[in-house]
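>>> Here is a sequence with its predicted model. Questions after.
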Amino acid sequence: MNIYVGNLSLETTEDELRKEFTEFGDVISVTVMNDNYIGSGQPKGYGYVEMASKSEGATAIANLEGKKLRNRIINIVEALPLSDKRGTVPLNIRSNNRLSKKRERRDIVD
């Protein structure tokens, strides 16, 4: 189960998050998001924790939601998947998309 953790202090480390979640089960991975896109590496104030099972994740969410970590009350919810990896059509491709239709020019006649 993948869990979104928001409202993190900018000083929060992956090790700190891992410690909080290991009380409730096996933690597979922890990622504190940062701004590598522009090269600054600045923390973004949120992260993701992946737990081994859905039941362990649900227990962690129930127990950690609203907890203070580094003087900030963290928000925790189950993260939604970024995409469906079963080979379905991406959401941005539609057959009735107006951009895919051929534009017709109509002359105005008086």
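That came through, no problem. Numbers count the residues shown, from 1 in each chain.

>>> For this structure, just list every one of the strands.
Here the chain has its strands, by DSSP state E, at 2-6, 27-34, 43-51, 68-69, 72-73, 75-78.

>>> Which among these is found nearest to Thr13?
Judged by Cβ to Cβ, the one of the strands of the chain that comes nearest to Thr13 is strand 27-34, at 6.9 Å. Using the backbone N, CA and C atoms, a C-beta is placed for each residue, glycine as well.

>>> I'd like to know which elements that closest one is packed against.
Identification of packing neighbours for strand 27-34 by 3 or more Cβ pairs under 8 Å, 6 or more residues apart in numbering; DSSP states H and E yields helix 14-22, strand 43-51.

>>> can you put the ones you listed in TSV and add mean neighbour count and mean pLDDT?
Converted to TSV, those look like this (neighbours: other Cβ atoms under 10 Å; pLDDT from 0 to 100):
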stretch	mean neighbour count	mean pLDDT
helix 14-22	16	96
strand 43-51	18	92
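
>>> closest one to Gly6 among those?
Short answer: strand 43-51, nearest of the helices and strands packed on strand 27-34 by Cβ to Cβ, at 4.5 Å.

>>> who does that closest one touch, helix- and strand-wise?
Counting contacts by 3+ Cβ pairs under 8 Å, 6+ apart, strand 43-51 packs against strand 2-6, helix 14-22, strand 27-34, helix 54-64.

>>> try it again with 7 Å
strand 2-6, helix 14-22, strand 27-34 (3 or more Cβ pairs under 7 Å, 6 or more residues apart in numbering; DSSP states H and E).

>>> show me the residues around Glu20 that make contact.
Counting by Cβ atoms under 7 Å, 6 or more residues apart in numbering, Glu20 makes contact with 64, 69.

>>> Check the gap between it and Tyr4 for me.
Per Cβ to Cβ, to the nearest Å, Glu20 is found 14 Å from Tyr4.

>>> That'll do, ta.
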